[in-house]
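K.L.:
Sequence first, predicted coordinates after that:
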Amino acid sequence: MASENTKTFTADNFQDQVLNADGPVLVDFWAEWCQPCRLIGPIIDELADDYKHRASVGKVDVDSNASLASQYGVSSIPTVILFQNGEPVKRFIGLRSKADIAEALEATAVA
């Protein structure tokens, strides 16, 4: 079950919610059929809760938003990209630990 703090990013809202965001935004590029994506999903949800006042955290379904995946060079999933000021600043490919991703968020999150 996704956290109420985990956003759903799409081609329609990506510009506004990710690229124009005031703070850091963590974006998980995933697909329903991807087993490693299912494993990292709960980690993304936990981070959404942990950082709800300091960063936006959400997911892009690559099957429904292939243009976004292509635009950001996502060729394997899961891929998690941290955006700051509308630019990708950190990329994680494959299954990663919560600590790895949290460390990157800590470096950019608003106090």
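P.N.:
Cool, got the structure. Residues are numbered from 1 along each chain as shown.
K.L.:
gap between whichever helix in the chain runs longest and the chain center?
P.N.:
When every helix of the chain is counted residue by residue (DSSP state H), the longest turns out to be helix 35-50. Offset of helix 35-50 from its chain centre (Cα atoms, centre = their mean, to the nearest Å): 9 Å.
K.L.:
Could you list the buried residues of stretch 13-31?
P.N.:
Of the residues in stretch 13-31, those scored as buried under the neighbour-count criterion (16 or more other Cβ atoms under 10 Å) are 14, 17-18, 24-30. C-betas here are computed from N, CA, C, even on glycine.
K.L.:
Can I get those in JSON lines including pLDDT and secondary structure?
P.N.:
Rendered in JSON lines, the data for those read as follows (pLDDT from 0 to 100; DSSP: H, G, I helix; E, B strand; the rest coil):
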{"residue": "F14", "pLDDT": "97", "secondary structure": "helix"}
{"residue": "Q17", "pLDDT": "97", "secondary structure": "helix"}
{"residue": "V18", "pLDDT": "97", "secondary structure": "helix"}
{"residue": "P24", "pLDDT": "95", "secondary structure": "coil"}
{"residue": "V25", "pLDDT": "97", "secondary structure": "strand"}
{"residue": "L26", "pLDDT": "97", "secondary structure": "strand"}
{"residue": "V27", "pLDDT": "98", "secondary structure": "strand"}
{"residue": "D28", "pLDDT": "98", "secondary structure": "strand"}
{"residue": "F29", "pLDDT": "98", "secondary structure": "strand"}
{"residue": "W30", "pLDDT": "97", "secondary structure": "strand"}
